[in-house]
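S.K.: I'd like to go over a predicted model; first the sequence, then the structure.
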Amino acid sequence: MVDKTPGDRKLSVPNKTLTLKPRVETGTVKQSFSHGRTKQVVVEKRGKRRIGGDAPVTDASHAPEPVVAKAAPAKAPLTRPATPAAAPRSNSGVVLRTLTEDERTARASALADAKVRDVEERHRQEEEAKRRNSKEGIEQAEREAAEARRKAEEDRHRQDEEAKRKAEAEAKKRFGEAEAKAASTARAALPTARAPGVAADLSDEDDGPRQVRRGPGGVVRPATAPKATAKPAPAKQRGRLTLVTALNADDVRERSIASFRRRTQRLKGHQSNEPKEKLVREVIIPEAINIQELANRMSERAVDVIRLLMKQGAMHKITDVIDADTAQLIAEEMGHTVKRVAAADVEEGLFDIVDDSTDTEPRSPVVTVMGHVDHGKTSLLDALRHANVVSGEAGGITQHIGAYQVTSPESGKKITFIDTPGHAAFTAMRARGAKVTDIVILVVAADDGVMPQTVEAIHHAKAAKVPMIVAINKIDKPDAKPERVRTELLQHEVQVESLGGDVVDVEVSAKNKTNLDKLLEMIALQAELLDLKTNASRPAEGTVIEAKLDRGRGPVATVLVQRGTLKVGDIVVAGAEMGRVRALISDQGEAIDEAGPSVPVEVLGFNGPPEAGDRLAVVENEARARQVTSYRAHQKRENAAANISGMRGSLEQMMSQLKTTGRKDFPLIIKADVQGSLEAILGSLDKLGTDEVTARILHAGVGGISESDVTLAEGFNAAIIGFNVRAHKEAAAAAKRNGIEIRYYNIIYDLVDDVKKAMSGLLAPTLRETMLGNALILEIFNISKVGKVAGCRVTDGTVERGANVRLIRDNVVVHEGKLSTLKRFKDEVKEVASGQECGMAFESYGDMRAGDVIECYRVETIQRSL
């Protein structure tokens, strides 16, 4: 190749022809894998292009993009072609070749492909990021990332090793030490100005490739070699690549908790056994506690507690229950302090909390109307309330306790009235009414005077220590005698004001509404004297007057609020039942949000119907309510079990009692509408029992008759009684199918009378003997096919055929039986009168002698009643 210069200077032409094709050398490389596996791989080595055999030139496809400095083109005449620029030369005279058009095109296409690959790589990375962020691809992305990291590390490490080894081998093979030094000197002598075009210098002092850039005028300057950024590769992990190892590639294995605990225990074991300081605890001991729980509260081992008990001569297991005294001795022996508690402590602070607040306000008086049945108590309340409750009562008698509020027409203040039944069976209702009242109104009929329930009401009022107002009712009747009532009250230490006493009396007529305003005035005056005040802003307390089970509304309790204010949403406790107040219904049937002191309301929201007379209280949370109700329910079950065990006794006691007394049970299942009526029925039936027969109540509850009641009655062959309730449709069908009798009542008189008659049927009848006559045996006749026949004469009375007879010999009864044959002459007769002779024969007996006396009598069965 000839390179011409402006001075037609000739340059030396190398013997080798320059070509664009690089030299390719092939060889084999041995690859090593895990588990001793190897593989032979064919490797191609591409050589570098060289110009004149002096300076190497890198392949255009491997050279980086040159930095070209724009130079002003040389001006030439338009008629002459432009003289090509002289090829740049180095200081040593080596001609450096510029890039050809094909090489520039290849380089541009390579750069374009690199950009396309960069865009594709970014898109691929974005897609992978989205897929990794998706929930279903997270695990797959983690596994792929771990695998890719591992492969990338291996590939980079292998490529670095191969490139280094390849460069060293190629440099030593193609160039000697002198050429390497000459190339290094040439690179050092190059100017710093950069020009377009790039050449590669393959030799340096450290045998590394170095790029040079060439500009116009042949000025060549070396390109600064990039700093090595490769970090030492991590140690290769040995072992088989599995899914678990790929996922946990970056995890650092740490010591487990169990291993750390074992290490701590070993260290403690090596230490010296120094005595530990004993922890003294305050142990809370209930009435009964098992050994395991006691040991836990003392932070002691249960084995030590059992060992201490064995020293005291008691053998126990870890689950045995010990009493509070023994537990206290053990705890004190082990050096702990003891705090004794009782199960009843859960009720502390529930009622009768001392209220120090001075923010009190007057409250309405609570007035209870009491008296004998049919003396006009409900009629008097109807006249005050302008209502007509009497017309809806069964049998014309009050059988439920009621609570109402009446506004006084003169003062405008409200008065709470409680109406109680007057029947003898409702003693408990009257006692409850007297407990919650402030004033008692004793209603006495002017035409009837003081009766037994009137006396009972007087005793209830005196026991409650509340003032009493006597209302003499029915003064409109012609035979009314108010003075007689006042005189009879003196016999029971009730002295009215008209007779010089301190008890207020008012003559009223509920029918004609006479002196009702005077009665209200006396009540208001008595309330002022009592100075009734309370704090309405505190939590509510009250008393359950009545409770029932409504099929539509559930358990409903009639509550008289005594202190504080009851609100919707409060958590209340009454007896063994709890609940959250869902609704409050006033005595007028209206829904209200809150009820203040002395206000009677119906409370909805209990878990079950509470007992009538239970005290109601508002608690702070459901946990406290459950604690109180669980304790009360436990006490209730224990009392019931004690009563049952006391009644049943052992099997031997039951059998001996049955032999000696022959007591019979009348099984009953009783369902009533309200708790008060059920209580009265149970009390009345209990009084009917005798030593021979008694009413056995299998189940008593509030609400309708259900299928479970019928099933229970079928098992014990019992009768079901419903008081003001009815059986469900399914229960009625089951009772009809199984032949179970269900009786419905709405008057307590009829219920008690029918049960009394049924129990009377279980009583053994009374047998009474009626003497008929005596006969003297005169002679004994032996008749074939008949036996012995006694010829007798009736001395007194009559002798009847089929009657009971006794054979008396020497005033000693020899035989008792029946008369089988009675003949007069040859005819069978029904009876033989006194003074006549007859023939008689006994059933299955023939030892009769002359001179014996036959006593004839009749046994009559008389049915007994309670």
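M.R.: Arrived safely.
S.K.: residues contacting Met522?
M.R.: 469, 504, 506 (Cβ atoms under 8 Å, 6 or more residues apart in numbering). The way it works is simple: take the backbone N, C-alpha and C, and place the C-beta from them, glycine included.
S.K.: Of those, which belong to helices?
M.R.: Among the contacts of Met522, no member falls in helices (criterion: DSSP state H).
S.K.: thinking Ser865 is in contact with Ser760, fair?
M.R.: Yes - between Ser865 and Ser760 there is a contact at 4.2 Å, judged by Cβ atoms under 8 Å.
S.K.: quick one on the thing from earlier: make TSV out of the contacts of Met522 and add neighbour count.
M.R.: Below are the contacts of Met522 laid out as TSV (neighbours: other Cβ atoms under 10 Å):
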residue	neighbour count
Ile469	21
Val504	21
Val506	20
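S.K.: Which one of these is nearest to Val752?
M.R.: Ile469 (32.3 Å; Cβ to Cβ).
S.K.: who's in contact with that closest one?
M.R.: 439-442, 503-506, 519, 522-523, 526.
S.K.: and of the residues you listed, the nearest to Asn811?
M.R.: Closest to Asn811, out of all of the contacts of Ile469 and judged by Cβ to Cβ, is Leu442, at 68.2 Å.
S.K.: Sticking with that closest one, tell me its helix or strand.
M.R.: Per DSSP states H and E, Leu442 falls inside strand 439-445.
S.K.: any idea which of the contacts of Ile469 is closest to Gly851?
M.R.: Checking the contacts of Ile469 against Gly851 by Cβ to Cβ gives Leu442 as the nearest, at 77.7 Å.
S.K.: so who does the closest one touch?
M.R.: Here Leu442 is in contact with 370-371, 454, 457-458, 461, 468-471, 494 (Cβ under 8 Å, 6+ apart).
S.K.: As CSV, the residues you listed with distance to Glu170 would be great.
M.R.: Listed next are the contacts of Leu442 as CSV, based on distance: Cβ to Cβ, whole Å:
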residue, distance to Glu170
Met370, 126
Gly371, 130
Thr454, 134
Ala457, 129
Ile458, 132
Ala461, 127
Met468, 130
Ile469, 130
Val470, 135
Ala471, 133
Val494, 136
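S.K.: Serialize those residues to CSV and add fields for distance to Asp753 and secondary structure.
M.R.: Shown next, in CSV, are the contacts of Leu442 (distance: Cβ to Cβ, whole Å; DSSP: H, G, I helix; E, B strand; the rest coil):
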residue, distance to Asp753, secondary structure
Met370, 25, strand
Gly371, 24, strand
Thr454, 24, helix
Ala457, 25, helix
Ile458, 28, helix
Ala461, 31, helix
Met468, 34, strand
Ile469, 35, strand
Val470, 33, strand
Ala471, 32, strand
Val494, 33, coil
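S.K.: Buried members of those residues into ChimeraX, please.
M.R.: Listed next is the ChimeraX selection for buried residues among these, using 16 or more other Cβ atoms under 10 Å:
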select :370,371,454,457,458,461,468,469,470,471,494
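S.K.: Dump the contacts of Leu442 into TSV; add pLDDT and distance to Ala719 as well.
M.R.: As requested, the contacts of Leu442 are arranged in TSV below (pLDDT from 0 to 100; distance: Cβ to Cβ, whole Å):
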residue	pLDDT	distance to Ala719
Met370	87	34
Gly371	86	34
Thr454	88	35
Ala457	86	34
Ile458	89	38
Ala461	86	39
Met468	90	42
Ile469	91	44
Val470	92	44
Ala471	91	42
Val494	87	44
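S.K.: What is the burial count for Ile697?
M.R.: 16 (other Cβ atoms under 10 Å).
S.K.: neighbour count winner among Ser865 and Ser760?
M.R.: For Ser865 and Ser760, the more surrounded residue by other Cβ under 10 Å is Ser760, and the numbers stand at 16 against 9.
S.K.: For the more buried one, give me the backbone phi and psi.
M.R.: phi -70, psi -30 (degrees, to the nearest 10).
S.K.: isn't it right next to Arg864, touching?
M.R.: Yes - using Cβ under 8 Å, Ser760 makes contact with Arg864 at a distance of 6.6 Å.
S.K.: returning to what we had before: and which of the contacts of Leu442 is nearest to Ile545?
M.R.: For the contacts of Leu442, the nearest to Ile545 is Met370 (14.1 Å; Cβ to Cβ).
S.K.: From Gln405, how far out is the closest one?
M.R.: 18 Å (Cβ to Cβ, to the nearest Å).
S.K.: What lies in contact with stretch 751-768?
M.R.: Taking Cβ under 8 Å, 6+ apart as the rule, stretch 751-768 contacts 425, 662, 664, 666, 668, 681, 684-685, 688, 692-695, 719, 721, 723, 743, 745, 859-866.
S.K.: re the thing from before, wait, which of the contacts of Leu442 is closest to His316?
M.R.: His316 has its nearest neighbour among the contacts of Leu442 in Ala461, at 55.9 Å by Cβ to Cβ.
S.K.: tell me the contacts of the closest one?
M.R.: 370, 434, 440, 442, 468.
S.K.: The second one: what secondary structure?
M.R.: It refers to Ala434. Assigned by DSSP: H, G, I helix; E, B strand; the rest coil, the conformation of Ala434 is helix.
S.K.: OK, contacts around it?
M.R.: 368, 370, 440, 457, 460-461, 463-464, 466.
S.K.: Can I get those in TSV including distance to Phe33?
M.R.: Output for these, formatted as TSV (distance: Cβ to Cβ, whole Å):
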residue	distance to Phe33
Thr368	104
Met370	108
Val440	108
Ala457	110
His460	106
Ala461	109
Ala463	105
Ala464	103
Val466	106
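S.K.: Report pLDDT for Val508.
M.R.: We note a pLDDT of 90 for Val508 in this prediction.
S.K.: which residues sit in contact with the nearest residue to it once chain neighbours are set aside?
M.R.: Spatially, and ignoring its direct neighbours in sequence, Val508 is nearest to Asn515 (4.7 Å; Cβ to Cβ, 6 or more residues apart in numbering). By Cβ under 8 Å, 6+ apart, the contact set of Asn515 is 506-509.
S.K.: Output these as JSON lines; include the columns distance to His634.
M.R.: JSON lines is the format used below for the contacts of Asn515 (distance: Cβ to Cβ, whole Å):
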{"residue": "Val506", "distance to His634": "49"}
{"residue": "Glu507", "distance to His634": "53"}
{"residue": "Val508", "distance to His634": "50"}
{"residue": "Ser509", "distance to His634": "53"}
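S.K.: Quick check on Leu279: phi, psi?
M.R.: Dihedral angles (degrees, to the nearest 10) for Leu279: phi -90, psi 120.
S.K.: how many neighbours does it have?
M.R.: For Leu279, using other Cβ under 10 Å, the count is 10.
S.K.: Report all helices and strands that the helix or strand where Ala625 lies contacts.
M.R.: Using DSSP H and E, Ala625 sits in helix 622-648. Judged by 3 or more Cβ pairs under 8 Å, 6 or more residues apart in numbering; DSSP states H and E, the packing partners of helix 622-648 are strand 571-574, strand 577-585.
S.K.: what's the offset of the helix or strand that comes right after the longest one from the middle of its chain?
M.R.: Stepping forward along the backbone from strand 577-585, the first helix or strand reached (DSSP H and E) is strand 591-592. Distance of strand 591-592 from its chain centroid, counting by Cα atoms, centre = their mean, to the nearest Å, is 29 Å.
S.K.: picking that back up, wait, which of the contacts of Ala434 is closest to Val305?
M.R.: Ala463 (51.0 Å).
S.K.: For the strand or helix carrying Glu730, the averaged confidence score.
M.R.: Using DSSP H and E, Glu730 maps to helix 729-738. Mean per-residue pLDDT for helix 729-738: 91.
S.K.: which residues sit against it?
M.R.: Contacts for helix 729-738 (Cβ under 8 Å, 6+ apart): 704-707, 709-711, 713-714, 720, 727, 740-742.
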